[in-house]
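# Return a 3D structure for these sequence lines:
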Amino acid sequence: MTVFHLLRHGEHAVQGRICAGRAPGIGLSARGRSEAEAAAERLAHAGIAAIYASPLDRAQQTAAIIAKRLELPVETNQELNELDFGEWTGQTFDEVRKHPRWPEWAAHRSISRIPGGETMREVQRRVVEAMIEMRERHPDEAVLVVSHGDVIRAALVFALGMPLDFYGRIEVATASLSTVRIDPGGIRVIAINERVPAAR
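Residues are numbered from 1 along each chain as shown. So this is what the prediction gives:
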């Protein structure tokens, strides 16, 4: 049995204002660092055997804080990268919502593509395949996966057998933990969006 703790990175510097996507150089805010430290304490006794993280700064910084507390290395996994927001990367969310392709993307994630970017099906395929590979490497261990909200939601809707168009019904807050178990009997979601309050 492999247990996956799916952790969204902590709050970043332009959270809620800019579509950060895969833009480089966007790290954690002070609150994001506090969120990561709180998550590290929460995971300190979870028996984590390995840490995998998206290559983006905010995920790497979150993983590094937890890795220091758990005394484990961080392995970067490109398949855990953020959804490619293509032409929308770096735009404000108000600008994105004015784009003619936004209504289709907002309503039908399963059949639409961001201009110059990625589909949710592509995201789901890569994250699920990454988890399958991790399971082969850690067949009876707990694994921490530090990634992004859209990527984690894509994994959760797969595990729940939900259509991709329902992915927005799942809340994945910054520094929240969702837990999935894979064993010979199949895949099971143990928890969604668990949060530990950050120190103020």
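# mind checking the longest helix of this protein?
Assignment by DSSP state H gives helix 120-137 as the longest helix of the chain.
# for it, what is the average pLDDT?
Average pLDDT, helix 120-137: 97.
# The next helix or strand after it vs helix 120-137, what angle?
The helix or strand immediately downstream of helix 120-137 is strand 142-147, counting by DSSP states H and E. Computed with axes from the mean of the first three to the mean of the last three Cα atoms, to 10 degrees, the direction of strand 142-147 lies at 150 degrees from that of helix 120-137.
# ok, now how distant is the residue sitting furthest away from the middle of the chain from residue 112?
Note on the chain: the largest separation between a C-alpha and the mean C-alpha position, by Cα atoms, centre = their mean, falls on residue 100 (27.0 Å). Plainly put, residue 100 is 12 Å away from residue 112 if you go by Cβ to Cβ, to the nearest Å. Every C-beta, even on glycine, is put in place using the N, C-alpha and C of the backbone.
# before we move on, what about residue 153?
In terms of Cβ to Cβ, residue 153 sits 16 Å off from residue 112.
# between the two, which one's more packed in?
residue 153 (29 against 17; other Cβ atoms under 10 Å).
# Let me know whether that one touches residue 170 as I believe.
Yes. In this structure, residue 153 is within contact of residue 170 by Cβ atoms under 8 Å, at 5.2 Å.
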